[in-house]
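Engineer: Sequence first, predicted coordinates after that:
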Amino acid sequence: MILVDEFETYVTNPELFRQKAELLKALGHPVRLCIVRGLIRQEGLNVSQLQSCLEKPQSTISQHLAKLRAAGIIAGERQGLEVYYRVISAEARKVVEALFK
């Protein structure tokens, strides 16, 4: 039998559960999940490359990238006129890899 005192609960650490829920919410959209999976497979993709892969308008891809950046899942690095994205969240990487094993 597991006693409640042996593990964290929402009552003992609500911030932890809020953070985990935010991560799942950011990954919870099919397009964002596909973006993160693609960036895990091939880091350093720009919006144009993602657009051709996903067959969505550039504005849609940019909105999803902004949400992933805000959640701390990806980061972009400017190289000339282009911004190349990569996954920076080890936790998000683990979640996505577990989903697609």
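Structural biologist: Received the coordinates, thanks.

Engineer: May I have stretch 11-19 exported as CSV, CA atoms only?
Structural biologist: Extracted C-alpha coordinates of stretch 11-19, given in CSV (Å, rounded to 0.1, in the frame of the first residue of the first chain):
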residue,chain,number,x,y,z
VAL,A,11,-1.7,19.4,-2.5
THR,A,12,2.0,19.1,-1.6
ASN,A,13,3.3,20.6,-4.8
PRO,A,14,0.7,22.3,-7.0
GLU,A,15,3.4,24.2,-9.0
LEU,A,16,4.9,21.0,-10.2
PHE,A,17,1.6,19.7,-11.5
ARG,A,18,0.8,23.1,-13.1
GLN,A,19,4.2,22.9,-15.0
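
Engineer: roughly how far is it from the heart of the chain?
Structural biologist: Put simply, stretch 11-19 sits 20 Å off its chain's centre (C-alpha atoms, centre = their mean, to the nearest Å).

Engineer: Let me see the ranges of the helices in this structure.
Structural biologist: With helices called from DSSP state H, the chain shows them at 14-27, 30-41, 47-54, 58-70, 90-99.

Engineer: number of nearby residues for the closest residue in space to Glu8 that isn't next to it in sequence?
Structural biologist: Nearest residue to Glu8 in three dimensions, chain neighbours excluded: Leu16, at 6.1 Å (C-beta to C-beta, 6 or more residues apart in numbering). No exception for glycine: its C-beta is placed from N, CA and C like everyone else's. Leu16 sits with 12 neighbouring residues when counted by other C-beta atoms under 10 Å.

Engineer: for His29, same thing?
Structural biologist: Using other C-beta under 10 Å, His29 has 13 other residues around it.

Engineer: Quick check on it: phi, psi?
Structural biologist: The phi/psi pair for His29 (degrees, to the nearest 10) reads phi -100, psi 140.

Engineer: so what's it up against?
Structural biologist: By C-beta atoms under 8 Å, 6 or more residues apart in numbering, the contact set of His29 is His64, Lys67.
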